[in-house]
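Undergrad: could you work out the structure for the sequence below:
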Amino acid sequence: MTVHFCLYPDNRMWYGATHIAVFFFSECHPSEMITITESIRQTIDPTIGHVYFNDWDWNSGIGRMKIMSQMGCDQDVLEQECNRLLETITNE
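TA: Below is the predicted model:
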């Protein structure tokens, strides 16, 4: 399984800014991605963000999972959480 993520910051610099992290999954079965997504959904700190989207593209064999930060959550905090999640995923 290959997994990586990209951060998409909210360019509006205000207290209610939300950032998006998109995880990309490949070289795995869709059921593996769904299992990981559910695990993340249950373990992610709700003060940081939540999983709001996951999908598998059958043509390319790539899955996507999106996490939206809570309003006002700093981009660096979201990035640290995503790095923690990535480490957890790759160690399983």
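Undergrad: any idea how far residue 25 is from residue 4?
TA: According to CB to CB, to the nearest Å, residue 4 stands 9 Å off from residue 25. For every residue, glycine as well, the C-beta is placed using N, CA and C.
Undergrad: so which of those two has more stuff around it?
TA: residue 25 (24 against 12; other CB atoms under 10 Å).
Undergrad: isn't the more buried one up against residue 63?
TA: Yes. Residue 25 is within contact range of residue 63, at 3.9 Å (criterion: CB atoms under 8 Å).
Undergrad: what's the overlap in contacts for the two?
TA: residue 33 (CB atoms under 8 Å, 6 or more residues apart in numbering).
Undergrad: now the one helix or strand residue 25 maps to: average pLDDT?
TA: Assigned by DSSP states H and E, residue 25 falls within strand 20-26. Per-residue pLDDT values across strand 20-26 average out to 97.
Undergrad: ok, residue 71 touching residue 19?
TA: No. With contact defined as CB under 8 Å, residue 71 does not reach residue 19; the gap is 10.2 Å.
Undergrad: can you report how many residues lie near residue 87?
TA: Residue 87 is flanked by 9 other residues according to other CB under 10 Å.
Undergrad: which one of residue 71 and residue 19 has more residues nearby?
TA: residue 19 (22 against 11).
Undergrad: which helix or strand contains the residue of the chain most remote from its centre?
TA: Distance from the centre of the chain peaks at residue 14, with 22.4 Å (CA atoms, centre = their mean). Residue 14 belongs to no helix or strand when assigned by DSSP H and E.
Undergrad: lovely, talk soon.
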